[in-house]
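Undergrad: next come a sequence and a model predicted from it.
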Amino acid sequence: MKILVTAATTFEIQPFMDHLAGKNYRNCQVTTLIGGIGMMHTAYQLGRQFASSRPDFAIQAGIAGCFDHSWDMGKVVIIDKEQLGDLGVEDDQAYKDLFDIQLWQPDQAPFTNRQLINPLQNVPHLPELPTASGVTINTVSGSERTRQLLLDKYKPEVESMEGAAFHYACLLEKIPFMQLRSISNYVEVRDKSKWKIQLAIKELNDTLIKYFERWN
Ligand SMILES: O=C(O)c1cccc(C(=O)CC[C@H]2O[C@@H](n3cnc4c(=O)[nH]cnc43)[C@H](O)[C@@H]2O)c1
């Protein structure tokens, strides 16, 4: 089975890549792809990769922010649905997305009721991890106003900059997929000193390695 593991940056999956270097899995051939930060880079790199070497299964792994302050830093979740958080128009004080202004239809493929849903049905050896809903944005949210706007409109649990692009590409290409996110920070007024990036990367990579080791 051909498996693609993609991340926005090298540092997010470096421990996993180091682990892979010493392995020869019998049941799967793993390729890694560093897609770049944000939806545009991710979509381009995934499209190119899928066209040149279509995987049987794709994993996106990355760090992310979460909205709920009761969550522990380093918590790892599987994102089961994604929404686009900042593709639309400003109408004075209001933000309207492409569905609100009828430029997209709520059930226009690959959307279901405005969401990019992963049915998680064809995921091999689905890990026993909590699932969470994601919102994807181009600018990391760092104000109370944006946090509240996203919460009111999309009710997300996790925020990233690439998730929706990954869901979109995999759904359209009918490639089974799994988005793994490890929490590095709360979505709040920006204070980089509170971010736990190293912890999030450790937990993310431990989860990835455990997943492949269990399987092979
Ligand atoms: O400002 C900095 O110095 C800085 C240094 C390292 C990383 C960053 C990021 O903003 C990381 C963006 C990257 O990580 C994901 N991520 C992590 N937390 C969040 C979040 O709260 N909201 C959205 N994305 C987040 C994201 O998917 C990017 O790939 C800044």
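TA: Great, that's in hand.
Undergrad: please enumerate the strands of the chain.
TA: Under the criterion DSSP state E, the chain carries strands at the ranges 2-7, 29-34, 57-66, 76-84, 88-91, 94-97, 116-117, 131-136, 158-160, 177-186.
Undergrad: now do the buried residues in stretch 199-216.
TA: 199-201, 203-209, 211-212 (16 or more other CB atoms under 10 Å). All C-beta spots, glycine's among them, are computed from the backbone N, C-alpha and C.
Undergrad: any chance of TSV for the strands of the chain, columns mean neighbour count, distance to F50 and mean pLDDT?
TA: What follows is these, written out as TSV (neighbours: other CB atoms under 10 Å; distance: least, CB to CB, whole Å; pLDDT from 0 to 100):
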stretch	mean neighbour count	distance to F50	mean pLDDT
strand 2-7	22	8	98
strand 29-34	16	10	98
strand 57-66	25	8	98
strand 76-84	23	18	98
strand 88-91	12	27	96
strand 94-97	14	26	96
strand 116-117	20	16	98
strand 131-136	24	19	98
strand 158-160	26	20	99
strand 177-186	24	11	98
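Undergrad: and the residue of this protein that's closest to the ligand?
TA: The ligand sits closest to G65 of the chain, with a gap of 2.1 Å, by CB to the nearest ligand atom.
Undergrad: that residue contacts I183, doesn't it?
TA: Yes. Counting by CB atoms under 8 Å, G65 does reach I183; the two are 7.2 Å apart.
Undergrad: what's the residue of the chain most remote from its centre in contact with, if anything?
TA: Distance from the C-alpha centroid of the chain peaks at D92, with 30.5 Å (CA atoms, centre = their mean). With CB atoms under 8 Å, 6 or more residues apart in numbering as the criterion, no residue contacts D92.
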